[in-house]
Every structure is written in C-alpha cells, then in structure tokens.
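J.: The following comprises the amino acid sequence and a computationally predicted model.
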Amino acid sequence: MKRKVFFVAFASLVLSACGGGDGGEKDSNTIAPSNNESQCGNMPEMSCSYDINKLTLNFSLRTTSDYMIRPGASFYASGYSQGIFPSQIDTIEIHADGKVYKPDNKYNPNVSFPIIPVGAPAYEFYWYRNGDLVTSTSIDQIASPINIVSKNEKNGTDIVSVEWIEENNHQYDVELRFLTCTQNNGEVVNIDPIEYRYENHTSPFSFSLQEQFSRTIDELKSDYAECDVFIDISSKNLLTTPSHQSRKLLIHSYSGEVFNISLF
C-alpha cells in the first residue's frame, strides 16, 4: 500500500544514516584518548578534538544506474551540529574485492572515495585512530540501481507515469521535483507540485497534471513551447538495517536517480 507524505529534507536521512549488515562489527573502547585538545587547539570542527566515544562515522553508499558505488563519509559529534573535518590521527578505509579504497579528499567534512564496482561479496569499513582500530563493520547487501521500464513521454494526456523494476527486499520513495517549461521567447519557468514526496511507493508512479500543477496538458501547450517533469526515485535495501550496526560507525546504502519526462 502506498502512502503520501509531504517533502522531508534529505539531510534528515543522512543524519539518521540507516544501512548496515551483519558482517560482524568490531569496536574498541580501550584506545587512550591522549591529549587531543592540545593537538587540535580545541577546535570543535576537527575530529581529533573529540574522544572516540563522542564521534559517529557515517558512510553513505549511493548505487548508480551504471552499477557503480559512489561512497562518501562524514563524522558527527554529539553536541556539535556542523561538519567535522577528519584530522591526521583518524584514518578511514573501505575494502572490497581485495582492494583498499582511501579518501580522495580526506580533509573535508564530506569525505569522498573512488568509485567502487557493484558485485563484491562484502564491503568492509574501518576507522583507525593513531593506527589503532576504533571500529569496523561489513555489509553484503546494498541497494540495487533504479531500472526504468517505461516513461509515457509526449502521450498528449494529463496523466504522467513512470515504471521501474522492483527488486526484492527494496523500498522505493518518489520525489516529484518540479515541472519546468520553456516559453517561446526562451524564458524558463519552474512550477512546484502540490505534493512532493511519496514514501514506500510501488511501481508505477502516476499522477495528474491537473491535480499536481493545476494545469492541463492543453493549457501548458497554449502557454509554452516545451515542458518536462523531473522525478527523483530512490531505494534502499531492507536487509541492510540500523540494528546490525555499531553506534560509532553507521552505513547508509541507497540508490537514486533523477529522471525527466518530456510532455511535449
């Protein structure tokens, strides 16, 4: 059964950071905190200013339609709402298919990694401080890419529809972005929908232009040279759950693509 809800900022998803696996997490609570404050000058934006028990490392794994994983990572500290810069004493890695993936831009609150091919038996995640293991975990389930079956482009009706392949153990969310139209003079106009987000939606996703944008296809054609609808479809694998994860290291595996449907 599908249900509709209003738009929720994606940032809340990242902060809650769902995902994970039962590959056996390993935590350490015995690493000496040393004098981190003196090393970092007590700067709250640096990871070395915090004891390991006050930090959470979030990994995000976005699976794309070319069957590649685009990983990212971010540190969060309790009581500090801004992004945390990883310091030199903190090292994070991803292991897959016998390869070790290290950050491309470590000294940034939003850490990026080289892309990883889909298909590894497991994906392992490590966090070290001063060379000592803080925590690690692994997952063997990731979100599958979004595979579109059909889009009813330029069909001349008020009904817009997109259909995708539903994978087992996946939940799909749909965000109706906006309707963008180009006038005869080249000026572009964006029109927001009445409802933005639809959670746990099954394929296909269909809606009426009149209901969502208060315009019929004939009215749009009379005012504009061309119009397109942009739709964001995302999924998560339900076998990857937060209950399997350590609080220190969280995995969020998802797939998502923005698709445009040409109306005319």
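T.: Yes, it's here.

J.: so who does Ala143 touch?
T.: Neighbour list for Ala143: Leu61, Thr63, His170, Ser235, Lys236, Asn237, Thr240, Ser253, Tyr254, Ser255 [criterion: CB atoms under 8 Å, 6 or more residues apart in numbering]. For every residue, glycine as well, the C-beta is placed using N, CA and C.

J.: all strands of the stretch 101-250 of the chain, in order?
T.: 111-112, 116-117, 123-129, 132-139, 148-151, 159-164, 170-182, 188-191, 197-199, 205-208, 226-237, 249-262 (DSSP state E, counting those that start in this stretch).

J.: Flag every buried residue along the fifth one.
T.: Of the residues in strand 148-151, Lys151 count as buried by neighbour count, 16 or more other CB atoms under 10 Å.

J.: coming back round to it: report the lowest-confidence entry in the contacts of Ala143.
T.: Within the set of these, pLDDT is lowest for Thr240 (77).

J.: what residue ranges in the stretch 101-250 of the chain score low on pLDDT?
T.: 241-245 (pLDDT under 70).

J.: if we go to 90?
T.: 105-108, 196, 238-248 (pLDDT under 90).

J.: returning to what we had before: okay, the strands of the stretch 101-250 of the chain in TSV with distance to Asp97 next?
T.: Shown next, in TSV, are those (distance: least, CB to CB, whole Å):
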stretch	distance to Asp97
strand 111-112	20
strand 116-117	8
strand 123-129	9
strand 132-139	13
strand 148-151	28
strand 159-164	28
strand 170-182	23
strand 188-191	43
strand 197-199	33
strand 205-208	35
strand 226-237	19
strand 249-262	17
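
J.: Check the ones you listed for me and report the most buried one.
T.: strand 123-129 (a mean of 22; mean count of other CB atoms under 10 Å).

J.: who does it touch, helix- and strand-wise?
T.: Contacts defined by 3 or more CB pairs under 8 Å, 6 or more residues apart in numbering; DSSP states H and E place strand 123-129 against strand 55-63, strand 90-96, strand 132-139, strand 249-262.

J.: Include distance to Asn200 when you put those into a markdown table, please.
T.: Shown next, in a markdown table, are the helices and strands packed on strand 123-129 (distance: least, CB to CB, whole Å):
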| stretch | distance to Asn200 |
| --- | --- |
| strand 55-63 | 19 |
| strand 90-96 | 29 |
| strand 132-139 | 22 |
| strand 249-262 | 14 |
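
J.: Please identify which of the ones you listed is closest to Ser81.
T.: Smallest distance to Ser81 across the helices and strands packed on strand 123-129 (CB to CB): 13.1 Å, for strand 55-63.

J.: Fine by me, thanks again.
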